[in-house]
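# pasting the sequence and the predicted coordinates here, then a few questions.
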There are 2 protein chains.
Amino acid sequence: MPTIVVDVMPKAELLDPQGKAVSGALARIGVESFTDVRIGKRFELTVEGEVDDDVLATARRIADDVLSNAVIEDVVGIEVVP
Amino acid sequence: MPTIVVDVMPKAELLDPQGKAVSGALARIGVESFTDVRIGKRFELTVEGEVDDDVLATARRIADDVLSNAVIEDVVGIEVVP
């Protein structure tokens, strides 16, 4: 069954305490390859049947209205995985 | 700066209460296009400089050891975004 993947990240201008915690943990175990870590959410929406324009429009709408909080988050990707 | 994106999802055989909650919320507002919702995490690791094999190997290692819990989660994707 096709899946629509919606990616949501904290806005760039906001602190991401979870990401900072992981960043600190990596430094403590000696991993220095990464200068920053940010943590967002990945939603997998299962679609029964075909992904037509209607379904995609609905996915875009709920990505903005339900799956993310526009005050603190950005929807960074909506992708259909067949 | 290049970013390595690591996607982590709850294992398929496990319940995903957060996803179920969103699924229920969608049903209540009349959205019926999606039969299932699962919620995972998306990590963005910023790399200063080039992403070589070493950095990618480190990313794979911390994806398994630090960013995910193998008991309940799967690493479903590691991708370099230039």
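Thanks, I have it.
# which strands and helices sit next to the helix or strand where A:Val37 lies?
Using DSSP states H and E, A:Val37 sits within strand A:34-47. Contact analysis of strand A:34-47 by 3 or more C-beta pairs under 8 Å, 6 or more residues apart in numbering or on different chains; DSSP states H and E lists strand A:3-10, helix A:17-28, strand B:3-10, strand B:34-47 as its packing neighbours. No exception for glycine: its C-beta is placed from N, CA and C like everyone else's.
# buried sites along the helix or strand following that strand?
Remark: after strand A:34-47, the chain's next helix or strand is helix A:53-62, criterion DSSP H and E. For helix A:53-62, the neighbour count (16 or more other C-beta atoms under 10 Å in any protein chain shown) marks A:Val55, A:Thr58, A:Ala59, A:Ile62 as buried.
# looking at the closest residue to the first one other than its chain neighbours now. What's its pLDDT?
Counting by C-beta to C-beta, 6 or more residues apart in numbering or on different chains, the nearest residue to A:Val55 once its immediate chain neighbours are dropped is B:Ser33, at 4.8 Å. Looking at B:Ser33, its pLDDT is 94.
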